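S.K.: Give me a model of this one.
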Amino acid sequence: MKVERLILAILGITLWVGVSMAQDPVTAPELQAHKAEAERLRTAAEAINGERCTELCLDAAKQLAELSNDYFTVGNVQEGHAAMRDSGRLAQKAGDSSVTSKKRRKQTEIGLRKLEKRIADIAQTLNFEDRPAVQDIVKHIDKVRSDILMSMFDMPKKELGPEKKEKP
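M.R.: Numbering: from 1, shown residues only. Sure, this is the predicted structure:
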């Protein structure tokens, strides 16, 4: 009898601790902090041109991808897609800036590869109907990476890249 009570007490305490420790993955203050940081980086990236544009746009794209993940986690799909589109747009700007300035191409390509992987991971956590738009952004970032690699090796776009076609 004492053993049964002891076991029930231990199970009860374990259950109570488990329930009390379970929290929402993203709380409102964290979401607001991520949103404020993403907005700050986005406005700075949109305003800047030149040498620091690549680095700043890439940082803003990463932050917006994480903000998008937070939005998807709390169930705000429309805001999640909007943040993801902005992330893709800024990744494009980072790639274009890197190619035109011929600076930071290697670092930008590596950063875009990591961003592409993270966005693909986020896409795998989404509902089936929300995935195609995010997967299109992943494909677009892959094309930007391909353009950077082509510019690094001074190859015309028709010789390398996803659009490469076999010659008959």
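S.K.: Packing partners of the longest helix seen in the chain?
M.R.: Using DSSP state H to assign secondary structure, the helix with the most residues in the chain is helix 77-101. Contacts defined by 3 or more C-beta pairs under 8 Å, 6 or more residues apart in numbering; DSSP states H and E place helix 77-101 against helix 28-47, helix 53-74, helix 105-125, helix 131-152. Quick note: C-beta positions are derived from backbone N, CA and C, even for glycine.
S.K.: of all those helices, which lies closest to residue 97?
M.R.: In terms of C-beta to C-beta, the element of the helices and strands packed on helix 77-101 nearest to residue 97 is helix 53-74, at 4.3 Å.
S.K.: which of the helices and strands packed on helix 77-101 is buried the deepest?
M.R.: Burial among these, expressed as mean neighbours by mean count of other C-beta atoms under 10 Å, is greatest for helix 53-74, which shows a mean of 23.
S.K.: now that helix and helix 77-101, what's the angle there?
M.R.: Direction vectors for helix 53-74 and helix 77-101, defined by axes from the mean of the first three to the mean of the last three C-alpha atoms, to 10 degrees, enclose an angle of 170 degrees.
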